[in-house]
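Colleague: okay, predicted coordinates and the sequence, questions at the end:
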Amino acid sequence: MRIMVYLVLGLLEAGVPVEEIIGPDYYPQLTRKHVEAALHYAGSLLKTREYASQVALR
């Protein structure tokens, strides 16, 4: 089963601790490494968009 990055980010934004996200109530198939990868992916997207915005303004 695939879990969308935005779902994990939404839980983090709502203040749900990582240990709870990877626990039985949410996504027990995930590990802490999966959550870290979701954050890294989101950060990479933001950096790319920020760079693209700066180039477009020139």
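Modeller: Structure's in. What do you need? Numbers count the residues shown, from 1 in each chain.
Colleague: tell me the buried residues in stretch 19-32?
Modeller: When neighbours are counted by 16 or more other CB atoms under 10 Å, the buried residues of stretch 19-32 are found to be 21-22, 27, 30. Using the backbone N, CA and C atoms, a C-beta is placed for each residue, glycine as well.
Colleague: mind putting those residues into TSV with distance to residue 48?
Modeller: Output for the buried residues of stretch 19-32, formatted as TSV (distance: CB to CB, whole Å):
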residue	distance to residue 48
21	25
22	27
27	26
30	24
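Colleague: ok, and what's touching stretch 29-48?
Modeller: Stretch 29-48 is contacted from outside by 1, 3, 5, 8-9, 12, 18, 21-22, using CB atoms under 8 Å, 6 or more residues apart in numbering.
Colleague: do the same with stretch 8-24
Modeller: Stretch 8-24 is contacted from outside by 26-28, 30-32, 34-35, 38-39, 42, using CB under 8 Å, 6+ apart.
Colleague: so can I have JSON lines of those showing secondary structure and pLDDT?
Modeller: Below are the contacts of stretch 8-24 laid out as JSON lines (DSSP: H, G, I helix; E, B strand; the rest coil; pLDDT from 0 to 100):
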{"residue": "26", "secondary structure": "coil", "pLDDT": "98"}
{"residue": "27", "secondary structure": "coil", "pLDDT": "98"}
{"residue": "28", "secondary structure": "coil", "pLDDT": "98"}
{"residue": "30", "secondary structure": "coil", "pLDDT": "98"}
{"residue": "31", "secondary structure": "coil", "pLDDT": "98"}
{"residue": "32", "secondary structure": "helix", "pLDDT": "98"}
{"residue": "34", "secondary structure": "helix", "pLDDT": "98"}
{"residue": "35", "secondary structure": "helix", "pLDDT": "98"}
{"residue": "38", "secondary structure": "helix", "pLDDT": "97"}
{"residue": "39", "secondary structure": "helix", "pLDDT": "96"}
{"residue": "42", "secondary structure": "helix", "pLDDT": "93"}
